[in-house]
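> Prediction below, plus the sequence it came from.
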Amino acid sequence: MKCRICLSDGPFTKIHTTRCMFNNDLLCRYECPNCNVIFGTEAMIKMSPEKLGQQYVQLYSGGYSESDATDRELKLMQYLQPVPEKTYLNWGAGNKSSTVPTLAKQKITLASYDPYAVKVQKGFISKASDLGIYDGIMSCNFIEHLQDPINGLQNMLKHLAPGGIMVHGTPCYQYRCINTRFHLYFFLGKSVEIMAERAGLIAERTNRLNTVLYYRKEKE
């Protein structure tokens with residue numbers, strides 16, 4: 001086993017346990033002694049993307065309904081300082097938000113994309129191949145779901161215009177919202193900065209505990 005954030009081989013002797021609110025399975029997560037990220041379960045992280053996708057399909061098909069993230073997304077968008085002549089992307093947008101039409105009234109163009117979406121709304125981007133280049137990228141409660149957060153940030157960076165900013169908000173910058181197997185990482189300690197550095201980004205913490213800005217790292 002290896003930490004996917006800092007590549008440490010451990011030993012991972014500090015274990016955090018809880019149970020999943022959806023199926024009552026015992027969840028065992030490990031704390032990295034080097035960067036302090038808490039990660040797991042190992043089975044969920046190592047699961048094939050196809051099987052992980054099936055887990056989400058089963059979750060939503062079973063009646064689970066996510067909360068409306070409009071207010072949180074609008075607050076995150078403020079960090080991007082959006083202007084009408086530029087375009088923005090909500091990565092991991094989910095299906096229960098009115099952020100796009102709310103910003104459209106201000107002539108702000110926001111596209112929506114979610115790799116795990118089951119039901120796709122009108123105007124929703126459902127394929128990564130259909131993504132363009134955006135002046136700013138925002139995600140709300142998403143990066144903790146990634147099996148490999150660094151690879152995920154690198155994929156986002158491919159769609160970020162030069163000089164663009166990413167803002168990612170999640171309560172999992174702390175050890176919170178732990179009773180779900182779908183939260184794979186809790187970015188404690190120096191894991192945020194290490195993750196950003198390895199992804200080619202610079203992380204800047206904001207005055208909100210659950211919000212971090214990411215800037216493109218200039219090539220040396």
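Thanks, I have the structure now. This one's a predicted model, so the numbers in the text were calculated from it and none came from an experiment. Residues are numbered from 1 along each chain as shown.

> Quick check: nearest residue in space to Val100, chain neighbours excluded?
Excluding the flanking residues, the one nearest Val100 by C-beta to C-beta, 6 or more residues apart in numbering is Leu110, at 5.1 Å. In this view, the C-beta of every residue, glycine as well, is placed from N, C-alpha and C.

> Let me know the secondary structure of that neighbour.
strand (DSSP: H, G, I helix; E, B strand; the rest coil).

> Could I get the CA-only coordinates of the strand or helix carrying Leu59 as PDB?
Using DSSP states H and E, Leu59 falls within helix 49-61. Taking C-alpha atoms only, helix 49-61 is exported to PDB below (Å, rounded to 0.1, in the frame of the first residue of the first chain):
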ATOM      1  CA  PRO A  49     -13.500   3.000 -12.600                       C
ATOM      2  CA  GLU A  50     -16.300   1.000 -14.100                       C
ATOM      3  CA  LYS A  51     -17.200  -0.700 -10.800                       C
ATOM      4  CA  LEU A  52     -16.900   2.600  -8.900                       C
ATOM      5  CA  GLY A  53     -19.400   4.100 -11.400                       C
ATOM      6  CA  GLN A  54     -21.700   1.200 -10.700                       C
ATOM      7  CA  GLN A  55     -21.600   2.000  -7.000                       C
ATOM      8  CA  TYR A  56     -22.800   5.500  -7.800                       C
ATOM      9  CA  VAL A  57     -25.500   4.200 -10.100                       C
ATOM     10  CA  GLN A  58     -26.800   1.900  -7.400                       C
ATOM     11  CA  LEU A  59     -26.700   4.700  -4.800                       C
ATOM     12  CA  TYR A  60     -28.800   7.100  -6.900                       C
ATOM     13  CA  SER A  61     -31.000   4.400  -8.300                       C
END
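
> Excluding covalently adjacent residues, which one is nearest to the residue nearest the centre of the chain?
Taking C-alpha atoms, centre = their mean, the centroid of the chain lies closest to Ile143, which sits 1.7 Å from it. Nearest-residue entry for Ile143: His168, 5.1 Å, with adjacent residues in sequence omitted and distances by C-beta to C-beta, 6+ apart.

> Counting neighbours, what do you get for that neighbour?
29 (other C-beta atoms under 10 Å).

> same thing with Leu157?
Around Leu157 sit 17 other residues, with neighbours defined as other C-beta under 10 Å.

> do you know how far the closest residue to it other than its chain neighbours is from Tyr56?
With C-beta to C-beta, 6+ apart as the criterion, Leu157 has its nearest non-adjacent residue at 6.0 Å, and that residue is Gly200. Noted for Gly200: a distance of 28 Å to Tyr56, by C-beta to C-beta, to the nearest Å.

> Brilliant, that's me finished.
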